[in-house]
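> No letters, just coordinates:
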């Protein structure tokens, strides 16, 4: 299923949306931040294969964005139209860049390995199924699934993957893996920024849902902080619950001024959003109107996530630190969502 399969329909006028949300006045700076992130996305947007099926021509908008003489809201008015993908009922969550205790070289109190990419993690050769070949490893000439979380925690990667750092706390590191990037803060205050390098090919399981199904939380109560508090209060069960999520994320060291999203450019607070690339071309602007008003407005799709599946499913990025953590952890909201496309795209694909 792709955006083209789901159907694209004209949405409301982008100019009216911008004006009603205050982008012409108090939020003009947010519009300019979105324009700058769109500019950063353009090289990948113009060269990346588009799995949404829309095949929009971004050339004119990307060429104009860099040296546009007018205001940022005017830029979006001039070059974009809104579209509804399938239906515009969606769901929005939040993510952030965690900061946790960690060091480059192992020392007492820092015993949780942060693995780089394993040498034996590969895609299956001669795969005859649909889509991309699965990830796994070869064992005695047979292709088998890669080690799951419980096996990795037990030491299955010893000698198979480099250890690029050591974290102090397994629960903190578990949530850093979910976020996909973070900062490791050493006792001397030095910072090592790490980002997503790959994944073990195993399916992602949201342990909040697991805990709800077991009666620990009522619907709507499984916030990130609530889950962390429960894991710390139940150390005898914490490892088994975390291992319910068989997915494991591998990392690489990052340099630069921000964590990198799946598009290969830095994600920016209150600008970047993770999306499902089958429905939202990465690099495209999107509009969110959520029950939680903090997520309302203009975003740029620059990232993906294991739990971000569907046309209206978005994960908003809020930056680093405790305030970002609080905002992201509380962001769980029904939403109506729109995809912004270069003007003329809907007319071109309508006959299809």
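All right, it came through fine. Model, not experiment: these values are computed from the prediction.
> drop to CA atoms for contacts and neighbour counts, all remaining ones
Fine.
> if you go through the stretch 201-350 of the chain in chain order, where are the strands?
Secondary structure of the stretch 201-350 of the chain (DSSP state E, counting those that start in this stretch): strands at 249-253, 272-274, 285-290, 297-303, 313-320, 332-342.
> so where is this structure shaky, pLDDT-wise?
Low-confidence segments of the chain (pLDDT under 70): 350-352.
> any chance you could map the helices in it?
Along the chain, counting by DSSP state H, helices occupy 3-6, 14-20, 28-47, 59-66, 72-79, 149-153, 170-179, 207-213, 224-233, 235-243, 322-330, 345-349.
> Only the buried residues of the second one, if you could.
By neighbour count with 16 or more other Cα atoms under 10 Å, helix 14-20 contains the buried residues 14, 15, 17, 18.
> rewinding a little: okay if I get the helices of the chain as JSON lines plus distance to residue 269?
Shown next, in JSON lines, are the helices of the chain (distance: least, Cα to Cα, whole Å):
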{"stretch": "helix 3-6", "distance to residue 269": "26"}
{"stretch": "helix 14-20", "distance to residue 269": "19"}
{"stretch": "helix 28-47", "distance to residue 269": "10"}
{"stretch": "helix 59-66", "distance to residue 269": "20"}
{"stretch": "helix 72-79", "distance to residue 269": "18"}
{"stretch": "helix 149-153", "distance to residue 269": "30"}
{"stretch": "helix 170-179", "distance to residue 269": "14"}
{"stretch": "helix 207-213", "distance to residue 269": "25"}
{"stretch": "helix 224-233", "distance to residue 269": "19"}
{"stretch": "helix 235-243", "distance to residue 269": "28"}
{"stretch": "helix 322-330", "distance to residue 269": "9"}
{"stretch": "helix 345-349", "distance to residue 269": "29"}
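> Please name whichever of the ones you listed is nearest to residue 305.
Residue 305 sits nearest to helix 170-179 of all these, at 8.5 Å, using Cα to Cα.
> returning to that earlier point: dump the strands of the stretch 201-350 of the chain to a markdown table, plus mean neighbour count and distance to residue 127.
A markdown table is the format used below for the strands of the stretch 201-350 of the chain (neighbours: other Cα atoms under 10 Å; distance: least, Cα to Cα, whole Å):
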| stretch | mean neighbour count | distance to residue 127 |
| --- | --- | --- |
| strand 249-253 | 21 | 23 |
| strand 272-274 | 29 | 29 |
| strand 285-290 | 23 | 35 |
| strand 297-303 | 28 | 27 |
| strand 313-320 | 25 | 30 |
| strand 332-342 | 23 | 34 |
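> Roughly how far does residue 299 sit from residue 251?
Using Cα to Cα, to the nearest Å, we find residue 299 at a distance of 26 Å from residue 251.
> swap in residue 223?
Counting by Cα to Cα, the gap from residue 223 to residue 251 is 25 Å.
> Please tabulate the strands of the stretch 201-350 of the chain in JSON lines, including the columns distance to residue 231.
Converted to JSON lines, the strands of the stretch 201-350 of the chain look like this (distance: least, Cα to Cα, whole Å):
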{"stretch": "strand 249-253", "distance to residue 231": "20"}
{"stretch": "strand 272-274", "distance to residue 231": "27"}
{"stretch": "strand 285-290", "distance to residue 231": "30"}
{"stretch": "strand 297-303", "distance to residue 231": "28"}
{"stretch": "strand 313-320", "distance to residue 231": "22"}
{"stretch": "strand 332-342", "distance to residue 231": "20"}
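> Right, I'll leave it there.
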